[in-house]
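Q: fold the following.
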Amino acid sequence: MEVNVLNISGKETGAKVQLPESVFGVEPNDHAIYLDVKQYLANQRQGTHKSKQRNEIAGSTRKLHKQKGTGGARAGSIKSPLFNGGGRIFGPQPRDYSFKLNKKLKSLARKSALSYKAKENNIVVLDEVNFDSIKTKNYVNLVNSLNVAGEKTLLVLPVQNNNVYLSSRNLKKAKVITANELNTYDVLNAGKLLLTADAVKTLEEAFAK
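A: This is a model prediction of the structure:
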């Protein structure tokens with residue numbers, strides 16, 4: 001698939017980029033996409049829910065009263081879960097929600113997501129994206145010139161560029177990542193996928209490995 005290359009002003013440069021069929025023209029695998037997105041969302045979960053057990057409660061371990069003859073229930077200490085402020089039995093503990101996926105499956109999922117974007121003509125290839133300073137206005141001008149201001153955009157750069165990244169950070173519908181950080185969830189969540197010509201080459205080399 002061949003597409004025209006635009007500059008940051010939204011005008012054609014006269015150059016064209018061939019989107020490799022091995023990355024942007026595969027038969028999408030919906031189940032692979034499902035698993036990769038599921039893993040991505042699971043990895044975002046922090047698992048911070050926690051309750052204190054008896055051994056974590058601050059309090060005396062002295063027996064409250066003699067075991068027999070009081071007419072009441074036996075209670076070992078003030079840390080007993082029977083009392084307010086006591087430890088909780090079998091309470092929730094922090095856990096890791098992440099799980100592993102085969103590298104080939106993850107690669108197929110990402111190529112499937114990119115292929116969906118290519119089929120829907122939602123890919124824009126830019127010559128180069130670079131700003132002289134960190135200003136949100138710079139990124140706003142970029143999306144306005146590309147006529148994608150009202151859509152969610154994902155800009156993929158070949159390498160980290162702080163000026164571009166920080167200029168986009170205050171915009172809810174804009175996200176900037178490097179080609180190495182590309183993931184299925186972000187690709188599918190974006191309305192328009194913005195790629196630089198160098199990022200296309202980086203992706204092709206990465207998926208060829």
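Q: going forward, measure contacts between C-alpha atoms and count neighbours the same way
A: Will do.
Q: so the closest residue to Val37 other than its chain neighbours, which state does it fall into?
A: Distances taken as C-alpha to C-alpha, 6 or more residues apart in numbering put Tyr185 closest to Val37, at 5.4 Å, once the chain neighbours are dropped. Under DSSP: H, G, I helix; E, B strand; the rest coil, the three-state class of Tyr185 is helix.
Q: where is the longest strand in the protein?
A: strand 12-18 (DSSP state E).
Q: quick one: the strands in this structure?
A: Using DSSP E, strands in the chain cover 2-6, 12-18, 123-126, 153-157, 174-178, 192-196.
Q: what's the pLDDT at the residue nearest to Val37?
A: On pLDDT, Tyr185 comes in at 95.
Q: Val124 too?
A: 90.
Q: and the one 5 residues further on, by the same measure?
A: pLDDT for Val129: 89.
Q: relative to its centre, which residue of the chain is most distant?
A: Gly69 (62.1 Å; C-alpha atoms, centre = their mean).
Q: what's the pLDDT at that one?
A: On the pLDDT scale, Gly69 gets 85.
Q: also Ala149?
A: In this model, Ala149 carries a pLDDT of 85.
Q: which non-adjacent residue is nearest it?
A: Nearest to Ala149 is Val143, by C-alpha to C-alpha, 6+ apart, at 5.0 Å.
Q: how near is that neighbour to Pro20?
A: 25 Å (C-alpha to C-alpha, to the nearest Å).
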